[in-house]
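J.: Take this sequence and fold it.
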Amino acid sequence: MGTTSSPGPGPATTCWFSAPPAFRGREVVFSVIIGAVLVPIPLLTLPLYLVFAELHVTDTVWSVLMPSAVSPFGVYLARIYATDSVPDEVLEAARMDGAGELRIFFQIVTRLMSPGLVTVFLFQFVAIWNNFFLPLVMLSDHHKWPAILGLFYWNSQPQQLYYNITITGALISVLPLVLAFQALQRYWRSGLSAGSGKP
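T.: Numbers count the residues shown, from 1 in each chain. As a prediction, the model looks like this:
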């Protein structure tokens, strides 16, 4: 099962923290999100399984994708990047020109933050692609297993019956990660906001 992730929820939350005017309790909300980084992911697997079992979504792709939709570390990384890459002068100039917050967010902030958003996306993509314990608990149908779980199953067979297939599969399973890095590396360029604000 090949899975991809969307960089939207985490960085979008971060941009909401950085682009609009500050609101009361913003730092408290951000502290709670950062506190989630300290919680080990395997510790949440059993509670997630019980919740999804009540919702009858276990043994589905959604039971693996939904817990991975938002990464607290991705939110932290994106906010730190937004703090340095989105100058206040640019936001104020846009507001003076009559741009609304949504237009500022989609036309200015997301473009200035594109290298950071791509970085968060790649972190999420690698984490979901290499996720092992959560699919092992959630998925009982082996046709829905991710590549890493299938490779583990082949490698655990007695007398190494699938040794050659496992080695070949391990090589092939790395290719999507390599292609993702190659396709998105053009977004990693510095100086996107250089000269956008007056000194």
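J.: Give me the neighbour count for residue 33.
T.: Applying the criterion other CB atoms under 10 Å, we find 21 residues in the vicinity of residue 33. Quick note: C-beta positions are derived from backbone N, CA and C, even for glycine.
J.: do you know how far it is from residue 117?
T.: Distance of residue 33 to residue 117, computed by CB to CB, to the nearest Å: 17 Å.
J.: Could you do residue 78 as well?
T.: Note on residue 78: its distance to residue 117, by CB to CB, is 7 Å.
J.: so which helix or strand takes in the spatially most central residue of the chain?
T.: When CA atoms, centre = their mean is applied to the chain, the residue found nearest the centroid is residue 124 (3.2 Å). In this assignment (DSSP states H and E), residue 124 forms part of helix 114-129.
J.: CA atoms of that helix as PDB?
T.: Extracted as PDB, the C-alpha positions of helix 114-129 are listed here (Å, rounded to 0.1, in the frame of the first residue of the first chain):
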ATOM      1  CA  SER A 114       7.100  26.900   0.100                       C
ATOM      2  CA  PRO A 115      10.600  25.500   1.000                       C
ATOM      3  CA  GLY A 116       9.400  24.900   4.600                       C
ATOM      4  CA  LEU A 117       6.200  23.300   3.500                       C
ATOM      5  CA  VAL A 118       8.000  21.000   1.100                       C
ATOM      6  CA  THR A 119      10.400  20.000   4.000                       C
ATOM      7  CA  VAL A 120       7.400  19.200   6.200                       C
ATOM      8  CA  PHE A 121       5.800  17.300   3.400                       C
ATOM      9  CA  LEU A 122       8.900  15.200   2.900                       C
ATOM     10  CA  PHE A 123       9.200  14.500   6.600                       C
ATOM     11  CA  GLN A 124       5.600  13.400   6.700                       C
ATOM     12  CA  PHE A 125       5.900  11.300   3.500                       C
ATOM     13  CA  VAL A 126       9.000   9.400   4.800                       C
ATOM     14  CA  ALA A 127       7.300   8.900   8.200                       C
ATOM     15  CA  ILE A 128       4.100   7.400   6.700                       C
ATOM     16  CA  TRP A 129       6.000   5.400   4.100                       C
END
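J.: Contacts for the biggest helix by length in the chain next, please.
T.: Counting residues, the longest helix found in the chain (DSSP state H) is helix 163-184. Helix 163-184 is contacted from outside by 2, 118, 121-122, 125-126, 129, 147-148, 150-151, 154-155, using CB atoms under 8 Å, 6 or more residues apart in numbering.
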